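Undergrad: Give me coordinates for this.
(chains A and B)
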There are 2 protein chains.
Amino acid sequence: MQPLPGFRDFLPDDCARRNYVFAKWREVARRYGFVEWDGPVLEPTELYTKKSGPEIVGQLFNFTDKGEREIAMRPELTPTLARVVAAHDRDFKKPLKWFSIPQCFRYEKQQRGRLREHFQFNADIIGEGSLDADVESIALCIDLLRGFGFGAQDVVVRVSDREFWIDFLRAQNVAEEKWQETLQIIDKSEREPRDKTAAKLGPLATPAFEILDGKGGSEKLDRVVAALRARGLADFVQIDLGIVRGLAYYSGVVFEAFDRAGKLRALAGGGRYDNLIGQLSDGAVSLPSIGFAMGDVVLGELIDEIPVAKQQMENAIASGRNLDIYIVIAKEERRADALAQIQSLRDAGFRVDYPLTPAKVGKQFQTAEQLGARVAVLFGDEWPQVRVKTLASREEQLIGNEESLAYLTSLPSLSSRAERSGVEGSRGPTDR
Amino acid sequence: MQPLPGFRDFLPDDCARRNYVFAKWREVARRYGFVEWDGPVLEPTELYTKKSGPEIVGQLFNFTDKGEREIAMRPELTPTLARVVAAHDRDFKKPLKWFSIPQCFRYEKQQRGRLREHFQFNADIIGEGSLDADVESIALCIDLLRGFGFGAQDVVVRVSDREFWIDFLRAQNVAEEKWQETLQIIDKSEREPRDKTAAKLGPLATPAFEILDGKGGSEKLDRVVAALRARGLADFVQIDLGIVRGLAYYSGVVFEAFDRAGKLRALAGGGRYDNLIGQLSDGAVSLPSIGFAMGDVVLGELIDEIPVAKQQMENAIASGRNLDIYIVIAKEERRADALAQIQSLRDAGFRVDYPLTPAKVGKQFQTAEQLGARVAVLFGDEWPQVRVKTLASREEQLIGNEESLAYLTSLPSLSSRAERSGVEGSRGPTDR
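TA: Numbering: from 1, shown residues only, chains lettered A, B, ... in the order given. Purely as a prediction, here's the structure:
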């Protein structure tokens, strides 16, 4: 009776939370001029090993399909993005600003903030190498978090530069084949004792710690912060050269978003990957790019931790879920009349429900309250008049059924719905 | 460079179509008081064999995971629904009106209207055995189709009753173990020559053909049509006892929606399944239910065939995609000022884009047009005034940058956006 380990059922309350997060992601991304795309849930396994090496297979939901293809459920979207962008390179003017909300899958040990599936907002600016694209990307990350109600006291985006470290390794005469290993030691240094890191770094330890301790600045990162200051977002960022990100393909600015309290895993992370699309397309297409991803699981944990964010979510969910009108059928002889009116009200865009089987009037009003209806309309002895009751104020009004649609549309508590979601362009019922 | 066979990439135009279909499904389902839920993409393979028998495995994307579990990508949502509803039986007052938009997967031969994945709207009324629930379900199916702009001349819902046929088989003294086989012959009869069906049916042929030819009515189905007539929807339905539906678990009213021209596969199908939840939950929970599903692939084909539906979709997509404001940076010295204003405009809910790198003014206006912006705002020599240009009418207005947000919000072509999607409740930028 349980879902598989690491997988979630989305009961209506969970699904409403999910829809709230998705809607906010979409709204803010669109304000930034990003457009939505998506790829398949399944891809050839090779697409992932090509980018991440054969080790990745141990973390995949991968299998051989009935046509003998080696396939995998996507662990991330970037390889698909590279495939799609390379295949359609000539169809789109650059830069592209694309976002997506894929569900991604990893076979890994479950722990807090990590399941075997999650939804992951992805936003990428493709075909633009300027630092303004990096700033736009970081600003979007910040504004997504602001959109959920987080302030600079709640979250921080730590910004670093992979290129800075490459310059450092070059200046220290570290052999190129050691770079990736050294970068991973630096990436982990925050999470282990300094003497352990020092032992791993050897003669590099002293100059590297100087940088991690904030001595030695990056002119490029200063420019990033200045540009974010021009947007009023500087309080949300912090230069932190300890952020390196493990993946080999990052080539410039990298960043990660965290809760300020430091209790949770990263909320989001990304960076510049100028060579990845070329590598994944076997050199067919080369496009400098920057992107990041934000998962739904850690984000959901932080929403629950920050009261203003949680309240904002609950308000949005309540106003999105509630029924507009509950039809109370007090006399079964009126059921056909009620059904005709229900159809008219739904056609006008209202959310309307009613008892499918005969029930006591008191119980019907109870159901109306439970479903969050704003108004109940009673069909009974007073026909052809109906009784309209505003449930919050208990105000009642007796009105002719013929006039009731216009009356309901005029009610302040209902008018916005009718305006917003009327059945534009649909053809009306034909045989009444 | 291609997706796997039977899988789709959703480029921005495809994704906009998909979002249009999803939004319409959600809007109409909510007007009917349905609430959204979802389940996992992966389930134990046994969940599907239990419902459909071991043959189903040949059509599944199934595999053994790294924890030695036999799992499958969901081919449909109903078994998950039964699992979830049985597990949470006490948490929800019945009847439930639940909908979902799962992506479903089948390993099968590709043909028109059949891929290896599709999105499938599901709506179920659970815990209600009355005929009113059947009518509500069929009405929702019709109103979904109406929502896409189809009229009674475009689509038809053919309604039948599995119980009618069971009564027939019983009256004809057909042994119970032959029922399912016989029903499948009748289900297929429309698609094969009559003498072939007659040979299979033997002595049942004559009485069965009489029913298929419309002799012999069903009082229950007459009541269904009468109730739909009360709603003004009778033109969309047709009693057709030739609809039986292959699956064994249907127990009452069944229905399928088709294009009137008969060119396409079924648009939707479903019916009453009063025993399935009990069967799938090993008798733990018994709930009479009715539900149906509508896929996105055939629906998309019909939208493309019916001009009014296609136009409605294109209008909705265009108005949903367009940018509000493009910022033209005519002098690079104004970039920081422009960025500050871009942040304010986005915070107010507008969709705003701008050139990430310096570009000629003419090219920037071109980009503004390509992105569908309604208004361009030029930052240049006239600072601290900016030039606001309405792109459709070519009207221009010189205005102080400080006043421009209020001015833009007042423009009829932009005001609705600012009202609708302002950043309610989010905390503002803090360091300007």
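Undergrad: From here on, just use CA atoms for contacts and neighbour counts.
TA: OK.
Undergrad: for the nearest residue to A:L323 once chain neighbours are set aside, what are its contacts?
TA: Distance criterion C-alpha to C-alpha, 6 or more residues apart in numbering or on different chains; nearest residue to A:L323, sequence neighbours excluded, is A:A373 at 4.4 Å. For A:A373, the contacting residues are A:N322, A:L323, A:D324, A:I325, A:Y326, A:L391, by C-alpha atoms under 8 Å, 6 or more residues apart in numbering or on different chains.
Undergrad: Burial check on the third one, number of neighbours?
TA: Neighbour count of A:D324, defined by other C-alpha atoms under 10 Å in any protein chain shown: 26.
Undergrad: tell me the contacts of it?
TA: Contacts of A:D324 (C-alpha under 8 Å, 6+ apart): A:F350, A:R351, A:V352, A:G372, A:A373, A:R374, A:V375, A:L414.
Undergrad: Around the residue of the stretch 1-150 of chain A at minimum distance from chain B, count how many other residues there are.
TA: Of all residues in the stretch 1-150 of chain A, the one sitting closest to chain B is A:R31 (3.7 Å; C-alpha to the nearest C-alpha). A:R31: 26 surrounding residues under other C-alpha under 10 Å.
Undergrad: Please identify which helix or strand holds the residue nearest to A:L323.
TA: For A:A373, there is no host helix or strand (DSSP states H and E).
Undergrad: From the recorded domain assignment, give the ranges for chain A.
TA: Per the record, chain A has its domains at A:12-39+A:74-316, A:323-421, by automatic domain parsing.
Undergrad: from the chain's centre, how far out does the shortest one sit?
TA: Translated: domain A:323-421. 36 Å (C-alpha atoms, centre = their mean, to the nearest Å).
Undergrad: hmm, stretch A:2-14 touching chain B?
TA: Yes - under the criterion of C-alpha under 8 Å from any C-alpha of the partner chain, chain B is reached by stretch A:2-14 at A:Q2, A:P3, A:L4, A:F7, A:R8, A:D9, A:F10, A:L11, A:P12, A:D14.
Undergrad: ok, of those residues, which one's closest to B:E36?
TA: B:E36 lies nearest to A:P12 out of the residues of stretch A:2-14 next to chain B, by C-alpha to C-alpha, at 5.6 Å.
Undergrad: Pull out the buried residues from the contacts of A:A373.
TA: A:N322, A:L323, A:D324, A:I325, A:Y326, A:L391 (16 or more other C-alpha atoms under 10 Å in any protein chain shown).
Undergrad: Contact residues of the stretch 101-250 of chain A facing chain B?
TA: Counting by C-alpha under 8 Å from any C-alpha, the stretch 101-250 of chain A sits next to chain B at A:107, A:128, A:130, A:132-133, A:146-152, A:227, A:229-235.
Undergrad: what are the ranges of the helices in the stretch 51-200 of chain A?
TA: A:78-87, A:131-147, A:162-171, A:179-188, A:194-201 (DSSP state H, counting those that start in this stretch).
Undergrad: Now the weakest link among the ones you listed, please, by mean pLDDT.
TA: Note on those: lowest mean pLDDT is at helix A:179-188, with a mean of 89.
Undergrad: mind showing which ranges of chain A have poor pLDDT?
TA: A:112-113, A:415-432 (pLDDT under 70).
Undergrad: Longest helix in it, by number of residues?
TA: The residue-count maximum for a helix in chain A (DSSP state H) belongs to helix A:12-31.
Undergrad: buried ones in that helix?
TA: A:12, A:15-18, A:20-22, A:24-31.
Undergrad: Repeat that for stretch A:381-393.
TA: Here stretch A:381-393 shows A:W383, A:Q385, A:V386, A:R387, A:V388, A:K389, A:T390, A:L391 as buried, counting by 16+ other C-alpha under 10 Å.
Undergrad: With stretch A:243-261 instead?
TA: By 16+ other C-alpha under 10 Å, the buried positions in stretch A:243-261 come out as A:243-245, A:248-259.
Undergrad: can you map out the strands along the stretch 201-350 of chain A?
TA: A:237-239, A:253-259, A:268-272, A:289-295, A:325-329 (DSSP state E, counting those that start in this stretch).
Undergrad: if we can go back for a sec, mean neighbour count and distance to B:T357 added to the helices of the stretch 51-200 of chain A, as CSV?
TA: What follows is these, written out as CSV (neighbours: other C-alpha atoms under 10 Å in any protein chain shown; distance: least, C-alpha to C-alpha, whole Å):
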stretch, mean neighbour count, distance to B:T357
helix A:78-87, 21, 21
helix A:131-147, 23, 7
helix A:162-171, 17, 21
helix A:179-188, 18, 31
helix A:194-201, 14, 39
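Undergrad: Using JSON lines, lay out those together with distance to B:K50.
TA: As requested, the helices of the stretch 51-200 of chain A are exported to JSON lines (distance: least, C-alpha to C-alpha, whole Å):
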{"stretch": "helix A:78-87", "distance to B:K50": "35"}
{"stretch": "helix A:131-147", "distance to B:K50": "44"}
{"stretch": "helix A:162-171", "distance to B:K50": "53"}
{"stretch": "helix A:179-188", "distance to B:K50": "48"}
{"stretch": "helix A:194-201", "distance to B:K50": "54"}
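Undergrad: Quick one: closest of the ones you listed to A:A406.
TA: helix A:131-147 (36.2 Å).
Undergrad: What helices and strands are in contact with that closest one?
TA: helix A:12-31, strand A:117-126, strand A:155-161, helix A:219-230, strand A:268-272, strand A:289-295 (3 or more C-alpha pairs under 8 Å, 6 or more residues apart in numbering or on different chains; DSSP states H and E).
Undergrad: That one versus helix A:219-230: what angle between them?
TA: Per axes from the mean of the first three to the mean of the last three C-alpha atoms, to 10 degrees, the angle that helix A:131-147 makes with helix A:219-230 is 50 degrees.
Undergrad: Mind listing residues that contact helix A:131-147?
TA: A:24-25, A:28-29, A:32, A:123-125, A:151, A:155, A:157, A:224, A:227-228, A:233, A:236, A:253, A:255, A:268, A:271-272, A:290-292, B:356-357, B:423, B:426-428.
Undergrad: Leaving out the residues flanking it, which one is nearest to A:K50?
TA: Counting by C-alpha to C-alpha, 6+ apart, A:K50 lies nearest to A:L280, which is 7.0 Å off, once chain neighbours are set aside.
Undergrad: just checking, that neighbour touches A:R83?
TA: Yes - in this structure, A:L280 is within contact of A:R83 by C-alpha atoms under 8 Å, at 7.2 Å.
Undergrad: what about the residue lying farthest from the centre of chain A, which SS state?
TA: The C-alpha centroid of chain A is most remote from A:D381, which lies 50.8 Å away (C-alpha atoms, centre = their mean). Here A:D381 is recorded as coil under DSSP: H, G, I helix; E, B strand; the rest coil.
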